[in-house]
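J.: Predicted model, plus sequence, below.
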Protein chains: 2
Amino acid sequence: MTTRKEVADRAGVSIAVVSYVLNDSNYVKEETRRKVLQAIEELGYETNMAARALKMRKTEQLAVLINHMGNPHEAGLLLRIEEHAAKHNYMLFFQTFQKEKESKLKALLNGRVDGIFLLGQSLQEDTLHHFRKQNIPIVSVTTPVTRTEDVTCIDLDWTFEYARLIRLLKAKGHKRIAFMAIRDPEHPLQHRLGAFRRAMETERLQLEENDVFYADEGGLQSAYDKIKPSLSSPDRYTAIVSANDLMAAGIVAACRDRAVHIPNELAVAGSEDILMSSQTAPPMTVIHYPREKVGEIAMEVMLAKMQKRPAADRILQATLVERKSS
Amino acid sequence: MTTRKEVADRAGVSIAVVSYVLNDSNYVKEETRRKVLQAIEELGYETNMAARALKMRKTEQLAVLINHMGNPHEAGLLLRIEEHAAKHNYMLFFQTFQKEKESKLKALLNGRVDGIFLLGQSLQEDTLHHFRKQNIPIVSVTTPVTRTEDVTCIDLDWTFEYARLIRLLKAKGHKRIAFMAIRDPEHPLQHRLGAFRRAMETERLQLEENDVFYADEGGLQSAYDKIKPSLSSPDRYTAIVSANDLMAAGIVAACRDRAVHIPNELAVAGSEDILMSSQTAPPMTVIHYPREKVGEIAMEVMLAKMQKRPAADRILQATLVERKSS
């Protein structure tokens, strides 16, 4: 196997210069760079990233642990984080986080990444401890159920956002507002349920425990199945807010199948503004989650942590998009 | 750093047994396994996957190169491939394929994966050559524009599928059927345009060159912008098929904004059956792409190639889902 020394000799430069070129550093003059690349080609030198990572402890890769690839809100977040990571020459890779395989995570990411993005998952203390020792920073887009000092969070002020949405519904005469939540107590969407409860209090409305629906998972079908039986009750909520947009779309589909008119008989609102929400019949009123901005800030916070600069949690502001479902 | 030998000595077993335990092999008795894990914990032995991969040349990881995370059809494919990979104890990771960074790909995946899934991208010969030398098999879900022997493909028989869809439209009186394609000549969706042309010939209909629309990229907005001006023409196609569902949704949105009634004034059909297609107004007629089955077969083909068994291209059959847009 060809070594860097041989490449350096061939190109008539020092080993350090070869390393600079391999790392895409800007310190090297274009002419020198070309000479080194030529030597690399002639000698058939190949950097093996795994070997290189071991030596350099810098991978130029970041991992994002995802919950559910099938959720367009998550997919949109990944796109935006990826865009901003690319601006700083980081490649991203995505892997689905599986709680039951968390113990494998340490080994899997060892030597492979310079930082980890979470989408609201709660990691165990020994996992956190491991990455702390390795100086691999962790940034979470979405607030996890279990907060720890290791993980810096970027999220909305959901209490504020829901209070604004509730005021919109109140202004249209709604007093009994339901919420579509999720059953799993460790799911990142739990945070939004807590915030909705507080927002209802702030707006002096009663959130009846019967009016909180717990879907089995965050998809359209799950919310459809959960909400459908309640729609035929003569004495029920007149508006419903869903913790995510896919579930809100499930509520809209259930209303269609039960001939419940939106918004006359039921107002429906989502929390993310995925593309689908603008295409349902009727199009949905939603909190517009600023995915673009969140991606930018997430990378900013990641860079700060990698460079050991102070990095506090960041709370961004959303906008309310009023469409025909409310 | 602690070695496997030290772990073996502490646990009173051979080095091979330590390796079995680290690889989650089933050959080890539960009691022995516990002894080894205890020794590992006491000695603070940590496997570094990068180091391990170098030594073992087996990573138990597969990469999927994706085109656009924001396309729910792709996201759905990833989910299904992931499910079936997990059944064979492979972890998947996803990375967006960027043509301009293809040269970095070799180094990035070196020592990190046992196989690569493509979603229809055409790789350059030197990239293919590299992975061939490394014995890393490549399987493509979706047919690339440039076919090579290295890449085994799983896809539908699009000519057959489109011919069936065209017959449905013909039976409803449509003679002039348009197609929403994509401009980029290397985009995997080009394959579907070629198939649609052949299907129109098979069904003895004329596909006018004016009736093929080329969106700038495969998203909703892009198709919306491209189709909208044509909708006001009094002499135009009466049905349109879109190479993907996101673009079909863009056509539905443009019809809504131009008050063109679907299906009375225009029939619209998609090619994948993403979730959104069942929620548009009206819900869309689509070819139902069997993502579940494709995921299963893709992993089956990958395993065959990894084990040097023969692996031919696989063509699956779809179903036609007739909804209210046609």
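T.: Received it, and whenever you're ready, just let me know what you need.
J.: Report how many residues lie close to the residue in the stretch 51-200 of chain A that chain B sits nearest to.
T.: Distances between the stretch 51-200 of chain A and chain B by C-beta to the nearest C-beta are smallest at residue A:111, namely 3.4 Å. (Glycine included, C-beta is placed from N, CA and C.) For residue A:111, the neighbour count with other C-beta atoms under 10 Å in any protein chain shown is 24.
J.: Next: residue A:42.
T.: Residue A:42: 12 neighbours (other C-beta under 10 Å).
J.: Determine the three-state secondary structure at it.
T.: helix (DSSP: H, G, I helix; E, B strand; the rest coil).
J.: before we move on, what about residue A:163?
T.: helix.
J.: how close does it get to residue A:205?
T.: Using C-beta to C-beta, to the nearest Å, one gets 10 Å for the distance from residue A:163 to residue A:205.
J.: picking that back up, what pLDDT does the model give the residue of the stretch 51-200 of chain A closest to chain B?
T.: Listed pLDDT for residue A:111 reads 78.
J.: Residue A:118 now?
T.: With respect to pLDDT, residue A:118 has a value of 97.
J.: And for residue A:104?
T.: We note a pLDDT of 81 for residue A:104 in this prediction.
J.: Residue A:300 now?
T.: Looking at residue A:300, its pLDDT stands at 96.
J.: now the one 5 residues further on
T.: At residue A:305, the model reports a pLDDT of 96.
J.: for residue A:128, same thing?
T.: For residue A:128, the predicted pLDDT is 94.
J.: And residue A:53, by the same measure?
T.: 45.
J.: go on, residue A:57?
T.: pLDDT, residue A:57: 49.
J.: cool, and residue A:324?
T.: 97.
J.: Quick check: it is in a helix.
T.: No: going by three-state DSSP, the assignment for residue A:324 is coil, not a helix.
J.: how far away is the nearest residue to it once chain neighbours are set aside from residue B:281?
T.: Ranked by C-beta to C-beta, 6 or more residues apart in numbering or on different chains and with sequence neighbours excluded, the top spatial neighbour of residue A:324 is residue A:282, at 3.6 Å. Remark: distance between residue A:282 and residue B:281 (C-beta to C-beta) = 8 Å.
J.: quick one: contacts for the residue most central in space within chain A?
T.: The centroid of chain A falls nearest to residue A:119 when counting by C-alpha atoms, centre = their mean (3.9 Å). Contacts for residue A:119 (C-beta atoms under 8 Å, 6 or more residues apart in numbering or on different chains) come out as A:64, A:65, A:66, A:67, A:74, A:77, A:97, A:140, A:141, A:142, A:188.
J.: what residues are up against the third one?
T.: Looking back up the chat, that one is residue A:66. By C-beta under 8 Å, 6+ apart, the residues touching residue A:66 are A:74, A:78, A:94, A:95, A:96, A:97, A:119.
J.: make it 10 Å
T.: By C-beta atoms under 10 Å, 6 or more residues apart in numbering or on different chains, residue A:66 lies in contact with A:74-75, A:77-78, A:94-97, A:117-119, A:121, B:69, B:75, B:78, B:94.
J.: Out of those residues, list just those in strands.
T.: Among the contacts of residue A:66, the ones falling in strands (DSSP state E) are A:94, A:95, A:96, A:117, A:118, B:94.
J.: The fourth one against residue A:298, yeah?
T.: Yes: applying C-beta atoms under 10 Å as the test, residue A:117 and residue A:298 come out as touching, 6.4 Å apart.
J.: mind checking how far stretch A:215-229 is from the chain centre?
T.: 22 Å (C-alpha atoms, centre = their mean, to the nearest Å).
J.: If you count neighbours, what's buried in stretch A:120-129?
T.: Buried residues in stretch A:120-129, counted by 16 or more other C-beta atoms under 10 Å in any protein chain shown: A:120, A:121, A:122, A:123, A:127, A:128.
J.: Grab the nearest non-local neighbour of the fourth one.
T.: This means residue A:123. Spatial nearest neighbour of residue A:123, excluding adjacent residues (C-beta to C-beta, 6+ apart): residue A:102 at 6.9 Å.
J.: and if you look at the first one?
T.: On the basis of C-beta to C-beta, 6+ apart, the spatially nearest residue to residue A:120 that is not a chain neighbour turns out to be residue A:188, at 2.7 Å.
J.: so the one you found makes contact with residue A:121?
T.: Yes: here residue A:188 reaches residue A:121: they are 6.9 Å apart, a contact under C-beta under 10 Å.
J.: what residues do those two have in common as contacts?
T.: Residues touching both residue A:188 and residue A:121 (C-beta under 10 Å, 6+ apart): A:67, A:140, A:142, A:144, A:145.
J.: What is the nearest of the residues you listed to residue A:271?
T.: Set against residue A:271, the nearest of these by C-beta to C-beta is residue A:142 (11.5 Å).
J.: In contact with that closest one, which residues?
T.: By C-beta under 10 Å, 6+ apart, residue A:142 lies in contact with A:67, A:73-74, A:77, A:118-121, A:153-156, A:188-189, A:191-192, A:289, A:294.
J.: where along the stretch 101-250 of chain A do the helices fall?
T.: Taking DSSP state H, counting those that start in this stretch as the criterion, the stretch 101-250 of chain A carries its helices at A:102-109, A:125-133, A:158-171, A:190-202, A:220-231, A:245-257.
J.: Now do the buried residues in the fifth one.
T.: Just to be clear, that refers to helix A:220-231. A:220, A:222, A:223, A:224, A:226, A:227, A:228, A:230, A:231.
J.: do the fourth one as well
T.: With burial defined by 16+ other C-beta under 10 Å, the residues of helix A:190-202 counted as buried are A:190, A:191, A:192, A:193, A:195, A:196, A:197, A:198, A:199, A:200.
J.: Show me what the mean pLDDT comes to for it.
T.: On average, helix A:190-202 scores 97.
J.: so what secondary structure elements neighbour it?
T.: The contact analysis (3 or more C-beta pairs under 10 Å, 6 or more residues apart in numbering or on different chains; DSSP states H and E) places helix A:190-202 against strand A:151-156, helix A:158-171, strand A:177-182, strand A:212-215, strand A:239-242.
J.: what's the most buried one of the ones you listed?
T.: strand A:239-242 (a mean of 28; mean count of other C-beta atoms under 10 Å in any protein chain shown).
J.: got the buried residues of helix A:220-231 as TSV, with distance to residue A:87 columns?
T.: Below are those laid out as TSV (distance: C-beta to C-beta, whole Å):
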residue	distance to residue A:87
A:220	34
A:222	37
A:223	36
A:224	40
A:226	41
A:227	42
A:228	45
A:230	47
A:231	47
